[in-house]
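Peer 1: Need coordinates for the following:
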Amino acid sequence: MSSDRTERSEIFSEVLKNIETGILILDLVNRIVFFRNNHAEKCLDFMNTSQDFENLSAMMMTELEQIKNPLVSKSTRAIINCDHRTFAYTIYRLEGFKQYVGVIIQDVTDQSRLEAIDEASEMMNNISYVFSGIRHEIGNPLNSVKMALTVLKNNLPKLSKEEITVYLERMSNDAAKMEALLKSFKNFNMFEKPNTVCVDLVEFYESLTQLLGADVRKKRIKVIIDILPEGRWVKVDTRALQHVSMNILANALDALNGVDNPVLRFSGEAVGSMALLSIIDNGCGMSETLVKSAFKPFYTTKPHGTGLGLVISKKMLSQMNCGIDIQSELGVGTTITLTMPRCPPPGGDSAESKIFI
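Peer 2: Residues are numbered from 1 along each chain as shown. Predicted coordinates:
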């Protein structure tokens, strides 16, 4: 029986040594590399990283800090680019072995290239929408300004002061429309390098709903913040999250116009290393076609909308390793879910459900 166990152990060890995935086991108490397989050595060589414990722990300091939180079983995925190759590693807590952590290292160069190709393809598909939108959104007011200028140029001596004022106001309004669109375009280049910090979602959305207090009270909207403790703390850029959230909330408040017993709920939970924050309203909802087109540039149902709000929001979120998803049903309401990396809370804070009217 003992020999069978020994043989199985040797077979298992041999498989781990030669598998095409880098595996490290770090001993945090004795500060040594307890185990390192062949593929891990190869990846670390490519990364020009010393393979002793001190250098590895220095490189992985942020991720090692994350798994000190008892609520976190694995760290966020770290990406390292070196010599035209891309490597990713994730640290896992080993249940039952508190002094050890496991590290999985992979060469994700091909995957990253395919993702870049896919992203470029999606961008090319959107270019036609962008140019079509520019032609329509800027072309129409520009033509209106040109027509007004032509009338003024050819008839200025004949026109009364009141008529001239009408044409000038028309040109001013058209110029304002173009200016608003150009400001929206400017947001595409905002937050190119997000400054991510740990954010308390309960506190964040309490403050944000206070900013919207007048509108919320006017429409008698019940606001419920129900974020579980394990999904409360996330690592994001607060400026970008505020921009994204304000855009979502503006749409939600519009959707709640005329609704009996309007409710706006913020529901948060944790799934693995990610926090899921759902912003739910019981408003008018959206059709399946509108949901599918929501992230297309310039697609809007609002008379004065640019159709860029959700497009910009999606870009900002992707820069922070976050995601966004929309589910909606006409006459029932809309749920927009933000996926964000979790981070350890600064203390033993907990979130309770909070209701505001």
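Peer 1: just for the protein, where's the confidence low?
Peer 2: Applying pLDDT under 70 to the predicted model, the residue ranges of the chain that meet it are 1-7, 9, 83, 115-137, 180-194, 291, 293-312, 347-357.
Peer 1: mind redoing it with 80?
Peer 2: When residues are selected by pLDDT under 80, those of the chain lie in 1-18, 47-50, 69-71, 81-84, 111-140, 177-195, 210-216, 243, 288-321, 346-357.
Peer 1: Of all residues in it, which one is nearest the centre?
Peer 2: Centroid check for the chain by Cα atoms, centre = their mean gives L317 as the closest residue, at 2.4 Å.
Peer 1: That residue contacts I336, doesn't it?
Peer 2: No - in this structure, L317 sits apart from I336 without contact. The criterion is Cβ atoms under 8 Å, and the distance is 11.1 Å. All C-beta spots, glycine's among them, are computed from the backbone N, C-alpha and C.
Peer 1: which residues touch the residue nearest to the centre of the chain?
Peer 2: The neighbourhood of L317, defined by Cβ atoms under 8 Å, 6 or more residues apart in numbering, consists of A240, V244, G323, I324, L338.
Peer 1: And M340, by the same measure?
Peer 2: Neighbouring residues of M340 by Cβ under 8 Å, 6+ apart: V234, K235, V236, M274, A275, L277, M320, C322.
Peer 1: for the third one, which residues make a bridge with it?
Peer 2: It refers to V236. Counting by DSSP bridges, V236 forms beta bridges with V197.
Peer 1: So for L317 and I336, which residues contact both of them?
Peer 2: Counting by Cβ under 8 Å, 6+ apart, the contacts common to L317 and I336 are I324.
Peer 1: Can you say which helix or strand has E162 in it?
Peer 2: Assignment of secondary structure by DSSP states H and E places E162 within helix 161-186.
Peer 1: other SSEs contacting that helix?
Peer 2: Contacts of helix 161-186 with other secondary structure elements, assessed using 3 or more Cβ pairs under 8 Å, 6 or more residues apart in numbering; DSSP states H and E, are made with helix 109-137, helix 139-155.
Peer 1: Tell me the gap between the last one and the middle of its chain.
Peer 2: The reference is to helix 139-155. On the basis of Cα atoms, centre = their mean, to the nearest Å, the separation between the geometric centre of helix 139-155 and that of its chain is 42 Å.
Peer 1: which of the residues in it are buried?
Peer 2: Buried residues in helix 139-155, defined by neighbour count with 16 or more other Cβ atoms under 10 Å: P141, S144, V145, A148.
Peer 1: and it with helix 161-186, angle?
Peer 2: Per axes from the mean of the first three to the mean of the last three Cα atoms, to 10 degrees, the angle that helix 139-155 makes with helix 161-186 is 150 degrees.
Peer 1: what's helix 139-155 in contact with?
Peer 2: L159, I164, Y167, R170, M171, D174, A175, K177, M178.
Peer 1: Pull out the buried members of the residues you listed.
Peer 2: The neighbour-count test (16+ other Cβ under 10 Å) applied to these identifies Y167, R170, M171, D174, K177, M178 as buried.
Peer 1: List just the nearest of these to E14.
Peer 2: When the buried ones among the contacts of helix 139-155 are compared for distance to E14, the smallest value, 68.3 Å, is given by M178; criterion: Cβ to Cβ.
Peer 1: and the two most separated of the contacts of L317?
Peer 2: Every pair in these was compared (Cβ to Cβ); the two farthest apart turn out to be A240 and G323, at 13.4 Å.
Peer 1: who's more crowded, these two?
Peer 2: When A240 and G323 are compared on other Cβ atoms under 10 Å, the one with more neighbours turns out to be A240, at 22 against 14.
Peer 1: what's the spacing between that one and D325?
Peer 2: For A240, the distance to D325 equals 17 Å [Cβ to Cβ, to the nearest Å].
Peer 1: One more: V29?
Peer 2: Distance, V29 to D325, by Cβ to Cβ: 42 Å.
Peer 1: same thing with I280?
Peer 2: 12 Å.
Peer 1: for the helix or strand where I248 lies, packing partners?
Peer 2: Here I248 is covered by helix 238-255, with elements defined by DSSP H and E. Counting by 3+ Cβ pairs under 8 Å, 6+ apart, the packing neighbours recorded for helix 238-255 are strand 197-200, helix 201-211, strand 263-271, strand 274-281, helix 309-319, strand 333-341.
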